[in-house]
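Participant: Pasting the sequence and the predicted coordinates here, then a few questions.
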Amino acid sequence: MSRYPGQEARRKLGWWHAHRFLLLRRLSQLSVLGLFLLGPLAGVWILKGNLSSSLLLETIPLTDPLTLLQSLAAGHWPITTLWLGAAIVLAGYWLVGGRVFCSWVCPVNLIADAAAWLRGRLGLKGNGQFSRTTRYWLLAMVLVVPAVVGVMVWELVNPVSLVLRGLLFGMGAGWALLAAIFLFDLFVVERGWCGHLCPVGAFYGLVNRVGFVKIAANKRDQCSNCMDCYAVCPERQILRGPVHGAKRGFGPLIAAQECTNCGRCIDVCAEQVFEINVGFAIKAEKTENK
Amino acid sequence: MSRSRRQFLADMAKGACGVGLLGVGLGGVARQQAQAVPAQALRPPAALDETEFLGACVRCGLCVEACPYDTLKLARLFDPVTTGTPYFKARAVPCEMCDDIPCVVACPSGALDQQMTDIDQARMGVAVLIDHETCLNYLGLRCDVCYRVCPLIDKAITLELQHNQRTGKHAMFLPTVHSDICTGCGKCEHACVLEEAAIKVVPRQLAKGELGHHYRLGWEEKAKAGNKSLIGERLTLPTRKPEGL
């Protein structure tokens, strides 16, 4: 069998050490799905609603801030519950890192990761060129079009809200959209959806501009250039500076707003180069495009 | 201009154009859907006007989960009703008009207006006896089911008597909806005994006509003016005769 990313780490540090963040992340993603599904399936209402807006333990409102912004753009001034819910969610992600939503909560990540994994296993190399900044254009579109037509247009097709809404209230043709994302990521563009297009991820990236929890390549002098971290990173362009840019004046902190704090680089690094860095208001750096 | 800079600008332009096209497409679909008002778009009680509603509803489904009767559904992708928004099919499960209106209380966004506390004020749609040709009462029979199940019986639906021309000696009891009182709960459509309901609930915009705002109804103006006609009681019309007769 050919060498796979993380093989070295698994041999040196043990299976658990080489998979812990991956497994914790899957646990977190499935827990979110499970807690929502527990209501309709078992009558235990811990989380009610879906990722657009929900009620935790019948008391605490939670709202996706981007949904609220879309509503505002469409010309509706929401009632206090929605504002409160959005503030709580925003504060939460702001503390742990904006794009923690993407890698620890969002159900589409399961689909995208599955596609990326299969792409690796099948050794698919062909990669359509696509700018990673497209998602910010999409985000702008998501907020501008409602201002023109008065309808939250993104919510017509948003796969991020569609997955849970579909599982809870009926998927319909939604499966086709999710399959399309899987195939797009598998055959057309590597990490195409989450890393290039998703405006929800782009929004949480902006939230991530200032964060308290970041990953840093603190022991980069131990790096053996095995490139395993590049192989697993969903946003590999952000690693270049912190891991290999010491001579060009880059600090070890992976400060880019695109980092999802998934921790997979920590998992697969046999030399234990990466560490979690907690500090006050670490400002994100602008990364090179692509 | 350096190659990377040119590449960067080209990428930007590509991104902007692609996204712009997508935006125009989505916007067009959304606009058309909002203006067309699909006949299936029966909204929960206290919903804002359709166009406002589509900008206010966050598609969270809390109203659906609050409904004790499984009346409400969320529209799925490519359904005629806008994706993710709540609606109900009166023929399948009508609104039971709960006194505490749990769906409205659950709404976090204000798309269902919490100012409304009396369910009788709900205007989810309006019932229309859409097919006179199959309605049993119009055939001269006494079905009356839609009238009997109406939560606002004798107010929202009344039976109006009319001579039965066919038999020459019976009366027809015609179910008649009064749109100023009908809440659009859909119990009549649900209960209609026909294979396909003759009475149906549709969004109010589809069912209601609208008088010209300058229209005045003579008999109402007369009553307002203390039973005095605004124009003279009798009109003197000019005599039109060929001259010389």
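Facilitator: Looks like it came in fine.
Participant: Run through the residues of the stretch 151-290 of chain A sitting next to chain B.
Facilitator: Counting by CB under 8 Å from any CB of the partner chain, the positions of the stretch 151-290 of chain A adjacent to chain B are A:151-157, A:161-162, A:165-166, A:168-174, A:176-177, A:289-290. Backbone N, C-alpha and C define where each C-beta goes, glycine included.
Participant: Please spell out the PyMOL selection for the buried subset of those.
Facilitator: Per 16 or more other CB atoms under 10 Å in any protein chain shown, the buried members of those correspond to this PyMOL selection:
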select buried, chain A and resi 151+152+153+154+155+156+157+161+162+165+166+168+169+171+172+174+177
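Participant: Sort out for me which of the residues of the stretch 151-290 of chain A next to chain B are in helices.
Facilitator: Within these, residues falling in helices by DSSP state H are A:154-157, A:161-162, A:165-166, A:168-169, A:174, A:176-177.
Participant: The helix ranked longest in chain B near chain A at all?
Facilitator: For chain B, the helix with the greatest residue count under DSSP H is helix B:3-36. Yes. Interface with chain A: helix B:3-36 contributes B:8, B:11-12, B:14-16, B:18-20, B:22-23, B:26-27, B:29-31, B:33-34 (CB under 8 Å from any CB).
Participant: Provide a ChimeraX selection command restricted to the buried entries of those.
Facilitator: Applying 16+ other CB under 10 Å to these, the buried members can be selected in ChimeraX as follows:
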select /B:8,11,15,18,19,22,23,26,27,29,30,31,33,34
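Participant: Helix, strand or coil: sort out the closest residue to B:Lys228 other than its chain neighbours for me.
Facilitator: Leaving aside its chain neighbours, B:Lys228 sits nearest to B:Lys222 (6.8 Å; criterion: CB to CB, 6 or more residues apart in numbering or on different chains). What DSSP: H, G, I helix; E, B strand; the rest coil gives for B:Lys222 is helix.
Participant: And for A:Phe130, the neighbour number?
Facilitator: Using other CB atoms under 10 Å in any protein chain shown, A:Phe130 has 20 neighbouring residues.
Participant: Where do the strands of the stretch 101-250 of chain A begin and end?
Facilitator: Per DSSP state E, counting those that start in this stretch, the stretch 101-250 of chain A carries strands over the ranges A:210-216.
Participant: okay, how far is it across stretch B:140-156, tip to tip?
Facilitator: Length of stretch B:140-156, first residue to last, CA to CA, to the nearest Å: 21 Å.
Participant: Tell me which other helices or strands the helix or strand following the longest helix of chain B touches.
Facilitator: Next helix or strand after helix B:3-36 toward the C-terminus (DSSP states H and E): helix B:50-56. If contacts are counted by 3 or more CB pairs under 8 Å, 6 or more residues apart in numbering or on different chains; DSSP states H and E, helix B:50-56 sits against helix B:3-36.
Participant: Would you mark the buried spots in the longest helix along chain A?
Facilitator: When chain A is parsed with DSSP H, its longest helix is helix A:15-42. Neighbour-count burial for helix A:15-42, counted by 16+ other CB under 10 Å, picks out A:17-19, A:21-22, A:25, A:29, A:32-33, A:35-36, A:39-40.
Participant: Can you spell out which helices and strands pack onto it?
Facilitator: Packing contacts for helix A:15-42, counted by 3+ CB pairs under 8 Å, 6+ apart, involve helix A:7-13, strand A:47-49, helix A:108-122, helix A:159-169, helix A:264-268.
Participant: quick one: average confidence on the longest one?
Facilitator: In other words, helix A:108-122. For helix A:108-122, mean pLDDT rounds to 89.
Participant: tell me, how many neighbours does residue 241 end up with?
Facilitator: Since no chain was named, I'll use chain A. The number of residues packed near A:Gly241 is 22, by other CB under 10 Å.
Participant: let's do chain B instead
Facilitator: If we define neighbours as other CB under 10 Å, then B:Lys241 has 7 of them.
Participant: do the same with A:Arg99
Facilitator: With other CB under 10 Å as criterion, A:Arg99 counts 29.
Participant: Surely it and A:Phe203 touch.
Facilitator: No. With contact defined as CB atoms under 8 Å, A:Arg99 does not count as touching A:Phe203 (9.6 Å).
Participant: quick one, what contacts the residue in the stretch 1-150 of chain A that chain B sits nearest to?
Facilitator: Residue of the stretch 1-150 of chain A nearest chain B, by CB to the nearest CB: A:Ala74 (3.0 Å). By CB atoms under 8 Å, 6 or more residues apart in numbering or on different chains, the contact set of A:Ala74 is A:Pro146, A:Ala147, A:Gly150, A:Val151, A:Met152, B:Leu54, B:Gly55, B:Ala56.
Participant: And the pLDDT for the first one?
Facilitator: Right, the one you point to is A:Pro146. pLDDT, read off for A:Pro146, is 87.
Participant: which one is B:Thr117 nearest to, not counting chain neighbours?
Facilitator: B:Ile101 (7.3 Å).
Participant: got the phi/psi numbers for that neighbour?
Facilitator: Dihedral pair for B:Ile101: phi 40, psi 60, per degrees, to the nearest 10.
Participant: How many residues are close by it?
Facilitator: Using other CB under 10 Å, B:Ile101 is surrounded by 24 other residues.
Participant: Surely it and B:Ala46 touch.
Facilitator: Yes. With contact defined as CB under 8 Å, B:Ile101 reaches B:Ala46; the gap is 7.1 Å.
Participant: and for those two, which residues touch both?
Facilitator: Contact criterion CB under 8 Å, 6+ apart; residues shared by B:Ile101 and B:Ala46: B:Met116, B:Ala122.
Participant: Would you mind listing where chain B has pLDDT under the threshold?
Facilitator: Residues of chain B that meet the criterion pLDDT under 70 lie in B:1-3, B:233.
Participant: again, only this time at 80
Facilitator: B:1-16, B:18, B:29-36, B:228-237, B:239, B:243-245 (pLDDT under 80).
Participant: Do a quick rundown of the strands in it.
Facilitator: Using DSSP state E, the strands of chain B run over B:73-74, B:86-87, B:126-129, B:157-163, B:171-177, B:199-202.
Participant: Could you tell me which residues make contact with the residue minimising distance to the centre of chain A?
Facilitator: The centroid of chain A falls nearest to A:Cys102 when counting by CA atoms, centre = their mean (2.0 Å). For A:Cys102, the contact set (CB under 8 Å, 6+ apart) comprises A:Asn109, A:Cys194, A:Cys198, A:Val200, A:Gly201, A:Tyr204, A:Thr260.
Participant: Show me which helix or strand of chain A is least confident by mean pLDDT.
Facilitator: Taking mean pLDDT, DSSP states H and E as the measure, chain A has strand A:275-283 as its least confident helix or strand, at a mean of 71.
Participant: could you measure A:Ile266 against B:Glu65, distance?
Facilitator: Look at A:Ile266 and B:Glu65: by CB to CB, to the nearest Å, they are 38 Å apart.
Participant: With that, I have no additional questions.
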